[in-house]
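Asks: Predicted model follows, preceded by the sequence.
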Amino acid sequence: MIDFFIKVKQQEAQDLPFVLFKKPNKKKLVGFFQNNDHLYFAENFKERGFVFAPFDGNQMLLIPKEESVRWETKISLSKDFSVNDIEVASEDDVDSKQYFENLVRKGIQGIANGDFHKVVASREEVVAVPDFDLVTVFKKLIQYYPSAFCYCWYHPKIGLWMGATPERLLKANKKRFYTMALAGTKIGDDIDNVEWKPKEKEEQQIVTDFILENLKDKTSEVAVSSPYTLKAGKLLHIITDIEGVINKNSNLSDVVKVLHPTPAVCGLPKEKAKAFILANENYDRSYYTGFLGELNIKEFDKHQSKSDLYVNLRCMNIKNKEAHLYIGCGITKDSVPEKEWKESVNKATTMKRVL
Ligand SMILES: C=C(O[C@H]1C=CC=C(C(=O)O)[C@@H]1O)C(=O)O
């Protein structure tokens with residue numbers, strides 16, 4: 001069998017769609033290589049393949065299982081992969097900083113007016129990448145972020161996206177499901193010695209409550225963990241695990257509709273926060289804060305099909321020798337615009353480190 005990355009290069013040379021991905025804390029790298037350049041869509045979550053869905057709208061792209069070949073390989077993670085911290089906030093950022101801080105202020109005002117409890121404000125940052133090489137960058141991504149879902153997705157009619165996300169949207173195996181409530185951000189890597197402030201704890205509890213409340217009539221036997229700290233590169237977040245059973249009269253599609261877009265990427269209540277985002281952010285989120293992953297995939301030796309979907313965070317779109325990075329921050333009544341800007345700068349380094 002030829003080398004996995006030679007297969008990737010061949011697919012790239014033929015300008016055909018593909019996706020490469022590695023799940024959190026796993027060493028298996030998987031590729032779905034589509035046989036033609038059609039654009040396929042998933043409509044009802046009954047399809048099989050790899051789905052790539054935008055933040056807004058229902059056009060979920062699909063690399064169908066029956067129109068692609070699946071490859072896998074084992075990767076070895078080098079133990080001390082040293083990641084240099086890079087200075088990112090510069091004078092050039094003054095306009096973006098001002099724009100973003102104003103957006104945060106508007107969000108805080110919306111909360112004060114009672115329009116919503118929480119909203120996620122985001123921005124786009126463009127970095128020149130004249131010598132971009134997909135395989136080199138993807139290899140760094142999987143080395144730097146072993147605990148993330150790392151992916152590289154390409155379609156000649158849509159473009160190239162890459163990311164390393166800490167947020168799982170939904171894992172479903174027949175009727176059993178798992179999801180997480182994620183919120184709060186701190187710089188650091190010591191998960192045992194982190195002190196979360198009441199503001200962050202409260203922000204995360206709101207997310208857990210939202211998920212439980214909204215899944216109530218679609219699921220049963222729901223179990224909830226205590227909140228704990230999750231490491232995502234140089235950042236830490238609070239998460240709560242939630243699992244249970246999807247009711248007989250509900251299905252995967254119903255559960256995804258409840259969860260997406262999650263309060264970690266949109267806000268609460270969902271529709272009002274979404275309307276604020278669409279009206280006030282000065283760019284189109286496109287696939288950032290959408291979701292992606294395997295849909296109804298049967299593993300080699302097992303008979304059950306599984307879906308495993310992630311939220312498209314800490315990601316970038318490569319076009320015309322530029323990397324478009326996307327970064328967002330959860331805004332609550334206690335947010336401070338300058339601090340939220342700094343948090344967005346820290347989050348942007350997740351992708352900048354691999355470029
Ligand atoms: C929206 C993003 O992060 C979300 C996920 C975790 C923590 C978040 C926060 O603390 O604001 C965000 O809700 C992003 O990284 O672009």
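Replies: Noted; the coordinates are in hand. What you are looking at is a predicted structure, and each value in this text was computed from that prediction instead of being measured.
Asks: only C-alpha atoms for contact and neighbour calcs from this point on.
Replies: Noted.
Asks: how close does the closest residue in space to Phe41 that isn't next to it in sequence sit to the ligand?
Replies: Using Cα to Cα, 6 or more residues apart in numbering and skipping the chain neighbours, the partner closest in space to Phe41 is Leu61 (4.5 Å). Distance of Leu61 to the ligand, given as Cα to the nearest ligand atom, to the nearest Å: 21 Å.
Asks: In the stretch 101-250 of the chain, what residue comes closest to the ligand?
Replies: Gly184 (3.6 Å; Cα to the nearest ligand atom).
Asks: In contact with the closest residue to Glu322 other than its chain neighbours, which residues are there?
Replies: Spatial nearest neighbour of Glu322, excluding adjacent residues (Cα to Cα, 6+ apart): Ala128 at 4.5 Å. By Cα atoms under 8 Å, 6 or more residues apart in numbering, the contact list for Ala128 reads 321-323.
Asks: what does Ser344 give?
Replies: Per Cα under 8 Å, 6+ apart, neighbours of Ser344: 327-329.
Asks: how would you label the nearest residue to Lys9 once chain neighbours are set aside: helix, strand or coil?
Replies: In space, and not counting its chain neighbours, Lys9 is closest to Val135: 7.9 Å by Cα to Cα, 6+ apart. Under DSSP: H, G, I helix; E, B strand; the rest coil, Val135 falls in the helix class.
Asks: residues near Val135, how many?
Replies: Neighbours of Val135 under the rule other Cα atoms under 10 Å: 14.
Asks: wait, isn't it in contact with Phe5?
Replies: Yes: using Cα atoms under 8 Å, Val135 is in contact with Phe5, at 7.1 Å.
Asks: could you measure Lys218 against Ile211, distance?
Replies: Using Cα to Cα, to the nearest Å, we find Lys218 at a distance of 11 Å from Ile211.
Asks: In this structure the residue of the stretch 101-250 of the chain closest to the ligand contacts Ala232, no?
Replies: No: the criterion here is Cα under 8 Å, and Gly184 misses it with Ala232 at 11.9 Å.
Asks: Enumerate the residues of the stretch 51-200 of the chain near the ligand.
Replies: Within the stretch 51-200 of the chain, the positions adjacent to the ligand are 182-185 by Cα under 6 Å from any ligand atom.
Asks: Distance check, the residue nearest the centre of the chain against the ligand.
Replies: Among the residues of the chain, Asn312 comes closest to the average C-alpha position under Cα atoms, centre = their mean, at 2.4 Å. With distances taken as Cα to the nearest ligand atom, Asn312 is found 8 Å from the ligand.
Asks: Just read off the phi/psi values of that residue.
Replies: Backbone torsions of Asn312, given as degrees, to the nearest 10, read phi -80, psi 80.
Asks: quick one: what helix or strand has the nearest residue to it once chain neighbours are set aside in it?
Replies: Using Cα to Cα, 6+ apart and skipping the chain neighbours, the partner closest in space to Asn312 is Thr289 (4.7 Å). Under the criterion DSSP states H and E, no helix or strand holds Thr289.
Asks: does Thr289 really touch Arg314, like I thought?
Replies: No: using Cα under 8 Å, Thr289 is not in contact with Arg314; the gap is 9.1 Å.
Asks: List the contacts of Leu259.
Replies: Going by Cα under 8 Å, 6+ apart, Leu259 touches 169, 211.
Asks: most surrounded residue in the contacts of Ala128?
Replies: Neighbour counts for the contacts of Ala128, by other Cα under 10 Å, peak at Ala323, which reaches 25 neighbours.
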